[in-house]
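Q: build the 3D model from these lines:
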Amino acid sequence: MTVHFQRELGKVKDSLLRLSNRALDQVDRAVRSFVERDSALAEQIIRDDKEIDHAEIELEEECLKILALYQPVARDLRFIVCALKMNNDLERIGDLAVNIARKTQTLCKKPPVELPGVLAEMCGAVQQMLRDSVDALVQGQSSLARSVLRRDAEVDEMKRSVRRWAEEVIRSDINLLGPALAIMAASRNLERIADHATNLAEDVIYLVEGEIVRHQAGDGEG
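A: As a prediction, this is how the structure comes out:
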């Protein structure tokens with residue numbers, strides 16, 4: 001049974017990493033579509049979301065099968081629990097990438113407006129948080145995961161800066177209401193992706209150290 005059990009665990013690990021990379025790719029492309037106003041790319045992202053949904057269902061079924069057949073304990077149980085939680089976060093990240101792609105389509109129909117510099121900074125920060133969360137999982141690095149937690153507040157402040165920018169743009173020219181709202185909505189989706197990247201990092205810490213850091217005061221400090 002041990003050989004079969006390890007084989008099934010290996011399948012879950014491979015599936016989790018593939019889903020992580022798919023979600024990361026979706027976010028990268030969604031950001032590119034928005035910044036470049038690429039409606040065709042946005043449409044492709046929306047179509048590709050079905051692949052992530054399908055992979056999420058398959059991974060959940062693999063985890064539940066292991067729980068039912070092998071009743072894992074200790075670190076193996078922690079891994080399956082984390083895989084189930086990460087699976088949900090990754091699927092939500094895929095959904096949020098689709099939301100950004102839809103805002104790209106909206107933006108393409110509106111009067112052109114120069115994107116605020118803080119939005120580009122925010123895109124880069126969120127993409128790096130997600131990338132580092134995935135790398136922390138692959139490498140089993142809780143220190144890298146903790147560094148992700150420390151960056152979440154910075155992304156929150158960037159979102160507030162985008163909102164202030166949008167309010168100023170709307171006050172200066174009401175004709176720019178549509179694009180300003182689309183940009184503000186995209187920033188909200190980016191902030192939510194950062195939240196899910198933080199969840200992934202917290203799960204890596206739990207997997208590696210056995211410590212639950214979610215909801216603790218001063219998360220990520222140290």
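
Q: mind listing what V134 touches?
A: By CB atoms under 8 Å, 6 or more residues apart in numbering, the contact set of V134 is L17, S20, N21, L24, L200. The C-beta positions use only the backbone N, C-alpha and C, and glycine is treated the same way.

Q: between these, which has the most around it?
A: Counting neighbours by other CB atoms under 10 Å, L200 comes out on top of those with 25 neighbours.

Q: how about it, nearest residue that isn't a chain neighbour?
A: By the measure of CB to CB, 6 or more residues apart in numbering, the closest residue to L200 outside its immediate chain neighbours is S133, 4.0 Å from it.

Q: so what's the gap between the helix or strand harbouring the one you found and the chain middle?
A: When secondary structure is defined by DSSP states H and E, S133 falls within helix 117-139. In terms of CA atoms, centre = their mean, to the nearest Å, the centre of helix 117-139 is set 9 Å apart from its chain centre.

Q: would you mind identifying the next helix or strand past that helix?
A: Stepping forward along the backbone from helix 117-139, the first helix or strand reached (DSSP H and E) is helix 142-172.

Q: buried set for that following helix?
A: 142, 144-149, 151-152, 155, 158-159, 161-162, 165-166, 169-170 (16 or more other CB atoms under 10 Å).

Q: what's the answer for stretch 175-192, then?
A: 176, 178-192.

Q: from the residues you listed, which land in strands?
A: For the buried residues of stretch 175-192, not one is inside strands, with DSSP state E as the criterion.

Q: out of those residues, which is nearest to P72?
A: Comparing the buried residues of stretch 175-192 against P72 with CB to CB places R192 closest, at 31.4 Å.

Q: any idea how far L9 is from that closest one?
A: Summarising the geometry, the distance separating R192 from L9, computed by CB to CB, to the nearest Å, is 31 Å.

Q: E209 contacts G140, doesn't it?
A: No. Under the criterion of CB atoms under 8 Å, E209 is not in contact with G140, lying 10.2 Å apart.

Q: just to revisit the earlier point, among the buried residues of stretch 175-192, which are located in helices?
A: Assignment to helices by DSSP state H places the following of those there: 178-192.

Q: which of those sit farthest apart?
A: Checking these against each other with CB to CB, the farthest-apart pair comes out as G178 and R192, at 21.7 Å.
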